[in-house]
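Novice: here is the input, now give the coordinates:
(3 chains)
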Amino acid sequence: MTTPTSTTTFVKNAWYVAAWSAEIGRHLTARTLLGENVVLWRRQDGTPAALVDRCPHKLAPLSLGELVGDDVQCGYHGMTFSGTGQCVRIPGQAAIPPSACARSFPLVERYGAVWIWMGDPAHADPAVIVPVQRYGEPGWALVDGQYLHFKTNYLNITDNLVDPAHTTYVHKNTIGNSAAEDVGVKVEQGEGHVLAYRWINDAEPVPLVKAMGDFAGRVDRWQYYYLILPSVSYVDFGCLDAGQEHGEAERNGSRFRSFSYNFLTPETETTTHYFWLHLRNYHAQDTEADAQVVRLMTDTFLEDAAILARIQQEQERTGVREYVRLGIDNAPARIRRLVSRLQAAESDSVTTQTTEATS
Amino acid sequence: MTTPTSTTTFVKNAWYVAAWSAEIGRHLTARTLLGENVVLWRRQDGTPAALVDRCPHKLAPLSLGELVGDDVQCGYHGMTFSGTGQCVRIPGQAAIPPSACARSFPLVERYGAVWIWMGDPAHADPAVIVPVQRYGEPGWALVDGQYLHFKTNYLNITDNLVDPAHTTYVHKNTIGNSAAEDVGVKVEQGEGHVLAYRWINDAEPVPLVKAMGDFAGRVDRWQYYYLILPSVSYVDFGCLDAGQEHGEAERNGSRFRSFSYNFLTPETETTTHYFWLHLRNYHAQDTEADAQVVRLMTDTFLEDAAILARIQQEQERTGVREYVRLGIDNAPARIRRLVSRLQAAESDSVTTQTTEATS
Amino acid sequence: MTTPTSTTTFVKNAWYVAAWSAEIGRHLTARTLLGENVVLWRRQDGTPAALVDRCPHKLAPLSLGELVGDDVQCGYHGMTFSGTGQCVRIPGQAAIPPSACARSFPLVERYGAVWIWMGDPAHADPAVIVPVQRYGEPGWALVDGQYLHFKTNYLNITDNLVDPAHTTYVHKNTIGNSAAEDVGVKVEQGEGHVLAYRWINDAEPVPLVKAMGDFAGRVDRWQYYYLILPSVSYVDFGCLDAGQEHGEAERNGSRFRSFSYNFLTPETETTTHYFWLHLRNYHAQDTEADAQVVRLMTDTFLEDAAILARIQQEQERTGVREYVRLGIDNAPARIRRLVSRLQAAESDSVTTQTTEATS
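Specialist: Predicted coordinates:
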């Protein structure tokens, strides 16, 4: 079994984090998203705007220009565009040709991030943005605004995020732990998501739980790795006193639980923006614990980034993604299959539209 | 209207500045011109010579070798070539095979520069080298020997050099001036050139004119942007006391006039050698004014270089040169059209020659 | 006559030096050989092992993993491979699928080097490793463990190693000597090798011979340049008192003789590993003479590396290897022809095997 790499892996009809809210202001920010150059800014009323970062006249990047009121003015000849992409001024020319416009992208601001829709704007429904659990709830500490750049295709990262098996080896210096190596992982698939999870029961609390929790004896520990298609991951982690029921009610009552969210936005086919935030219900007022989360998670993710960059290089060199599939690939393989279906649906829809347009 | 980029834009049958005269001496100078590697040197009598920078034997760059008398000796096996490209010596071998030759290029030295002809040598007529006005005339100060490297196709620069509209935006920190923004530009087309020009009448002298000129009151100011095909530009700039006639006679009598010449030589399809010189009839003995010209022009051209490099990148990424054409593109569009015609004529001529050769 | 470059020049069925013995130990060493990434290490009993440097699961480089006993453990999920390429462990999975294996390469350790066979293992006969003359014999000093990296195709180096004519020009600052320029070179071709040689008779000893030899008067000096296909070169150099017979017996009796071996291993089509060692029978106990050999040979080979890198660039730019063939190309041309035959034989054999496999 040899699986070739795909030449294109983007799902366009989805919400992606374009930037943390704090990054976007009364200045022009350039960023490549799903292979497209985008310029972002805020209007005077604070609402964000995004255009393709390319003047339709001579292709000068609009981000080299200036913000003039709510609009962006090209730095080459002063053509000015509103956040909807309409040209509102051409210096020295009264008539504005219809082709003098720049593509705009729907944006929504939520969870401290600016979300962008790179696909067909007709389907850009804010209701389908992934809900972030416990966000803003009392008793939950938030660490947000975190960013890393991965030199690998985003699906190599989604593979990794539903794959507890790699932690023993890749993260042996951070969160790895060979004890859990042989505990089986269960995989479930739902509408638009894949879940891999496991319980490690009746065990000594791991060091983090020992340090930050208040368990007298042994615990049952869970890890639920969710992947919401196409590329939002979250890990639900927590502990109960050993021997309790494992239902949602018990987990909701846990004194020790965290949600770790990773929002992956493809930059190009071979690089990925990695935005992450973290919520926890223990030591919620403890800013040293916040700093510890940032340090530990950053170190851990950088270990992933290092090996996934080398894997990307080998995939490019060989044109192959895998030569053998293992049992631990159950969840990753499901994600790849579902993403392929989303892509196929998008190209069908494009075909249908084209057919309609030409008939 | 979407205009694709061209894969090749070179006009070969034309004189290009290969180097300033002072650069070429009794040593070997390597330079890429119109995509070809060239080696230049001076013979013992001072005349310049140019060959393709590649030994026909094993392709060693001749510029790694040595100048031996009037000839260049390859640094690999000592094959020696005269400036006409003939092999005059093969160490250890008496017979010189006919294929043992290197292509030579016609050269002419004029205006302090070495001009090269990269096309069909049969058409290399020195009489068609662009005349540089006022060069060497008394009362005219010369600033020459100036060079910049642009990371953009040369036609992006010619576009720019007949386009006064960009100065307000690109050069807002140097020579830009929003007052002139709405003054219309007239365009004329002649045999082998395009001219864009405008008069700004009855206006306060601009700071440069105020500082260096001797006008009591308001002035009429002209800017004539010439583009001599394929890629020599000159800007004729000057002032008259407001209200005078605007004829050639009056301009010739002006106490304040400059000619700014830019000689563009394509290096590759995506990079350009930018040689420039400047002539003026004010403060002609003032060396501080010379230095000021160098500083101001260099700063201004570097602003062009920065934005045109980014435009080049976008053109390469998209394969598109423009999505919309504006009124200000009249002169640039004419140049592109005339250059395309020159290129078409060259490939016709090649076809004809080939047909003759094989029939 | 214009000879195009070849897209592939590797001969796979041959022994190549992969590394000096001292480089390979109880750690993982990554190296690219004939375009393939290879990981090398030593088992606990000291025998070397080599696998393709790529886990068959997700393509992680095995060299990023760890040595566990005799085996290499992947750093991503802990899949473990023996030196024969068999998977001996998949953490969390009992059954090992047949495709879970990594390609291994036959190795032989000889002459202080680890030799690798990148072709069909069925033909990997250690008996065909090039014999290194006088290696380990009393009275002969050995300088080994030397390495240089050349940015050129290996056949540009083999050309160079049977070509005394270039020394006058490329090595004018090291070993070059224009006196020998016109002494004819004889070329012989045998089973699997090409030999170019010359005698310079009745001449003053060259400086090296004067300094290190003990000749009272004039000498006859020989240079024999052997190229053992595909890419081992050795130079047999020595002197006799002028006027003696020139037979093998007399040369064996010479008081001044050296063998300089160069083992070329293609890294990629455009880069080459250059391993070299040197044997001499003069000043055999003199460690300062050893250091002098290293300095002189390194300086000389770096002069070759510099020009051959530029030639590689020109070959890539033009797709041409030579435009004219000279008399001095006799030996290089024979090598190219014999290498092409070896390549053709390999692809015939592959075709035959494939036909058998599918019939």
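
Novice: quick one: neighbours of A:R317, just the number.
Specialist: 13 (other CB atoms under 10 Å in any protein chain shown). The way it works is simple: take the backbone N, C-alpha and C, and place the C-beta from them, glycine included.

Novice: that one: what secondary structure?
Specialist: With DSSP: H, G, I helix; E, B strand; the rest coil as the basis, A:R317 sits in helix.

Novice: report pLDDT for it.
Specialist: A:R317 carries a pLDDT value of 95.

Novice: and A:I24, its phi and psi?
Specialist: phi -100, psi 130 (degrees, to the nearest 10).

Novice: low-confidence stretches in the stretch 101-250 of chain A?
Specialist: Scanning the stretch 101-250 of chain A for pLDDT under 70 picks out A:176-182.

Novice: how about the residues of it by chain C?
Specialist: Applying CB under 8 Å from any CB of the partner chain, we find that the stretch 101-250 of chain A lies next to chain C at A:D159, A:D163, A:A165, A:H166, A:T168, A:Y169, A:V170, A:E181, A:D182, A:G184.

Novice: farthest-apart pair in those, please.
Specialist: Maximum pairwise distance in those, criterion CB to CB, is 20.8 Å, between A:D159 and A:D182.

Novice: okay, these two: which has more neighbours?
Specialist: Per other CB under 10 Å, whichever of A:D159 and A:D182 has more neighbours is A:D159, with 24 against 11.

Novice: any idea how far the more buried one is from chain B?
Specialist: Going from A:D159 to chain B by CB to the nearest CB, to the nearest Å gives 29 Å.

Novice: list the contacts of that residue.
Specialist: A:D329, A:P332, A:I335, A:R336, C:K58 (CB atoms under 8 Å, 6 or more residues apart in numbering or on different chains).

Novice: thinking the second one is in contact with A:P164, fair?
Specialist: Put plainly, it is A:P332. No. Contact between A:P332 and A:P164 fails when scored by CB atoms under 8 Å: they sit 11.5 Å apart.

Novice: more neighbours: those two, which one.
Specialist: Using other CB under 10 Å as the criterion, A:P332 and A:P164 rank with A:P332 on top: 25 against 20.

Novice: pLDDT score for that one?
Specialist: 96.

Novice: that one looks like it's in a strand, true?
Specialist: No. Going by three-state DSSP, the assignment for A:P332 is helix, not a strand.

Novice: what about A:R341, how many neighbours?
Specialist: 12.

Novice: dump the residue contacts of it.
Specialist: Contacts of A:R341 (CB under 8 Å, 6+ apart): none.

Novice: that one sits in which helix or strand?
Specialist: helix A:330-358 (DSSP states H and E).

Novice: stretch A:199-218: end-to-end distance?
Specialist: End-to-end distance for stretch A:199-218, by CA to CA, to the nearest Å: 13 Å.

Novice: report the buried residues of that stretch.
Specialist: Within stretch A:199-218, the residues scored as buried using 16 or more other CB atoms under 10 Å in any protein chain shown are A:W199, A:I200, A:A203, A:P205, A:V206, A:L208, A:V209, A:M212, A:G213, A:F215.

Novice: out of these, which sit inside strands?
Specialist: Judged by DSSP state E, the subset of the buried residues of stretch A:199-218 located in strands is A:W199, A:I200, A:A203.

Novice: ok, of those residues, which one's closest to chain C?
Specialist: Chain C has its nearest neighbour among those in A:I200, at 13.8 Å by CB to the nearest CB.

Novice: that closest one pairs with what?
Specialist: Counting by DSSP bridges, A:I200 is bridged to A:R221.

Novice: re earlier: export the buried residues of stretch A:199-218 to CSV and tack on distance to A:Y323?
Specialist: Shown next, in CSV, are the buried residues of stretch A:199-218 (distance: CB to CB, whole Å):
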residue, distance to A:Y323
A:W199, 32
A:I200, 31
A:A203, 35
A:P205, 40
A:V206, 34
A:L208, 36
A:V209, 38
A:M212, 42
A:G213, 42
A:F215, 44
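
Novice: show me the two of those residues that sit farthest apart.
Specialist: A:W199 and A:M212 (19.9 Å).

Novice: from chain B, how far off is whichever residue of the stretch 1-150 of chain A sits closest to chain C?
Specialist: Closest approach between the stretch 1-150 of chain A and chain C, counting by CB to the nearest CB: A:M1, at 6.1 Å. With distances taken as CB to the nearest CB, A:M1 is found 36 Å from chain B.

Novice: A:R134 now?
Specialist: 42 Å.

Novice: what strand or helix carries that residue?
Specialist: Per DSSP H and E, there is no helix or strand for A:R134.

Novice: mind checking how far A:D304 is from A:L161?
Specialist: 9 Å (CB to CB, to the nearest Å).

Novice: do the same with A:H27
Specialist: Distance from A:H27 to A:L161, by CB to CB: 33 Å.

Novice: now do A:I24
Specialist: 26 Å.

Novice: try A:R110
Specialist: 21 Å.

Novice: residue numbers of chain A in contact with chain B?
Specialist: Neighbours of chain B within chain A, by CB under 8 Å from any CB: A:37, A:54, A:56-61, A:64-65, A:73-79, A:90-93, A:97, A:99-100.
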